[in-house]
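Peer 1: need the 3D shape of this:
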Amino acid sequence: MINQVTIDKLHEMRLSAMAEAFTSQTGDNAYRGLTFEERFGMIVDHEWGKRRSNKLQKLIRTAAFRYPNACMEDIEYHEDRKLNKS
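Peer 2: Got it, this is the predicted structure:
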């Protein structure tokens with residue numbers, strides 16, 4: 001019961017990634033051996049990573065790139081294109 005109240009409060013404060021991490025930690029016995037500081041650090045890291053990822057995705061959307069999913073690894077270095085991979 002207390003866990004659900006905590007999760008509801010986290011959602012109300014717009015900390016949904018922390019709520020998600022807290023929920024996954026309470027359901028997994030592998031986290032039982034960790035200290036409070038370690039578990040709390042992992043929850044905060046999850047929230048920070050989620051917010052950073054969301055910010056990056058928003059910046060990509062607002063930039064209106066022609067190919068928003070393009071990445072360096074997808075470049076095709078065929079002989080006829082005369083691209084130097086280095």
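Peer 1: quick one: the strands in this structure?
Peer 2: Secondary structure of the chain (DSSP state E): no strands located.
Peer 1: where are the low-confidence patches of it?
Peer 2: 1 (pLDDT under 70).
Peer 1: in this structure, where's the longest helix?
Peer 2: Across the chain, the longest stretch assigned as helix under DSSP state H is helix 36-63.
Peer 1: packing partners of that one?
Peer 2: Applying 3 or more CB pairs under 8 Å, 6 or more residues apart in numbering; DSSP states H and E, one finds that helix 36-63 makes contact with helix 16-26. Any C-beta I mention is one placed from the backbone N, CA and C, and that applies to glycine too.
Peer 1: angle of the helix it packs on against helix 36-63?
Peer 2: Per axes from the mean of the first three to the mean of the last three CA atoms, to 10 degrees, the angle that helix 16-26 makes with helix 36-63 is 140 degrees.
Peer 1: the residue nearest the centre of the chain and Gln57, how far apart?
Peer 2: A centroid search over the chain (CA atoms, centre = their mean) returns Lys50, at 3.3 Å, as the residue closest to the centre. Lys50 sits 11 Å away from Gln57 when distances are taken as CB to CB, to the nearest Å.
Peer 1: what sits in contact with each of those two?
Peer 2: Shared contacts of Lys50 and Gln57, defined by CB atoms under 8 Å, 6 or more residues apart in numbering, are absent.
Peer 1: from Thr35, how far out is the nearest residue to Thr23 once chain neighbours are set aside?
Peer 2: Nearest residue to Thr23, sequence neighbours excluded (CB to CB, 6 or more residues apart in numbering): Ile7, at 6.2 Å. Distance from Ile7 to Thr35, counting by CB to CB: 21 Å.
Peer 1: brilliant, that's me finished.
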